[in-house]
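Colleague: Model the following, please.
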Amino acid sequence: MKISLKIKLLFYWHKIFKSNLINDTIIKISKKGKGVKSVVFLLPNEKNYAQIAAYFIKNDDKKNKFYFNYIIHEDSLSYYNKSIIPNSHIIKKEDINWFGAMISKRIINKLNDLNFDAIVDLNQSHNQNLSFILKDLNIPIKVGFQAEFSNFLYSIIIESKSIGFVEDNYKTIEKILGLE
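Modeller: Predicted coordinates:
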C-alpha cells in the first residue's frame, strides 16, 4: 500500500521532535494473566474500515467487567453507534494541524489522566495520521496492525490476515488483552 507524503512527513516530524519525550517501559499485561481492565480504542475514519470496527465495538457487552473509551474523529461519527458517544473523545478539525499532528493538548491530557491499561488502534489503513496520537500518550500497552510505521507506534503489533475475515484480526486483539 502506498503511504502518502503527508503521513511520511508526520512520521519524520514525530521521529525528530518527539522521539524521546515519553519513555516506554516494559510491563506485564496482568500479574494473574487476567488481562487489562481499561482500554481506549482509536477508531478508523475511513468508511470501509469503520464499518468493520463498528461491528467489533457493537459487541461491547462486557462493559460491567471492563472500562472502554473511544477516540473518534468528528468526520467519522456517523459510522458508529450513538451509544458510544458518552465514552468518546472526539477529535475536531481544529485539534490537529495540516499534517495531522495533535496541536490541542486537551484530549492528550484527558486520556493520560484516565490511566488506561491499553490503547488499541483499530485502523488497518496505512494512511491514518491519527495513529500518531499514540506517541503522545502515556499508556503502557499500545496495540496496532502491521504497517510501515508500526514499530515506531506500537508495543504489540498484529499482522493483518490477508486471507479470511478481517474480524479475525480483532478477535486476536481480544485474546491478547484478555477481553474475550
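Colleague: which ones are touching Leu114?
Modeller: The neighbours of Leu114, taking Cβ atoms under 8 Å, 6 or more residues apart in numbering as the test, are Ser38, Val40, Asn69. Any C-beta I mention is one placed from the backbone N, CA and C, and that applies to glycine too.
Colleague: so what's the residue most central in space within the chain up against?
Modeller: Within the chain, one residue has its C-alpha closest to the average C-alpha position: by Cα atoms, centre = their mean, that is Asp121, at 2.4 Å. Applying Cβ under 8 Å, 6+ apart, we find Asp121 in contact with Leu42, Gln128, Ser131, Leu134, Lys142, Val143, Gly144, Phe145, Leu153, Tyr154.
Colleague: so which of the residues you listed is the most crowded?
Modeller: Within the contacts of Asp121, neighbour counts (other Cβ atoms under 10 Å) peak at Ser131, which reaches 28 neighbours.
Colleague: Give the buried residues for the helix or strand hosting Asn169.
Modeller: Using DSSP states H and E, Asn169 falls within helix 167-177. For helix 167-177, the buried set under the neighbour-count rule, 16 or more other Cβ atoms under 10 Å, comprises Asn169, Tyr170, Thr172, Ile173, Glu174, Ile176, Leu177.
Colleague: Any stretches of this protein with poor pLDDT?
Modeller: The chain contains residues with pLDDT under 70 at 1-3, 7-8, 10-34, 58-64, 126-127, 161-166.
Colleague: Let me see the ranges of the helices in the protein.
Modeller: Counting by DSSP state H, the chain has helices at residues 5-17, 47-58, 105-113, 150-153, 167-177.
Colleague: Out of these, which is closest to His73?
Modeller: The closest of the helices of the chain to His73 is helix 47-58. By Cβ to Cβ, the value is 9.9 Å.
Colleague: Walking through the protein, point out its strands one by one.
Modeller: Using DSSP state E, the strands of the chain run over residues 38-42, 67-73, 88-91, 118-121, 141-145, 156-158.
Colleague: if we compare these, which one ends up closest to Lys6?
Modeller: Closest to Lys6 of the strands of the chain is strand 67-73 (Cβ to Cβ; 15.0 Å).
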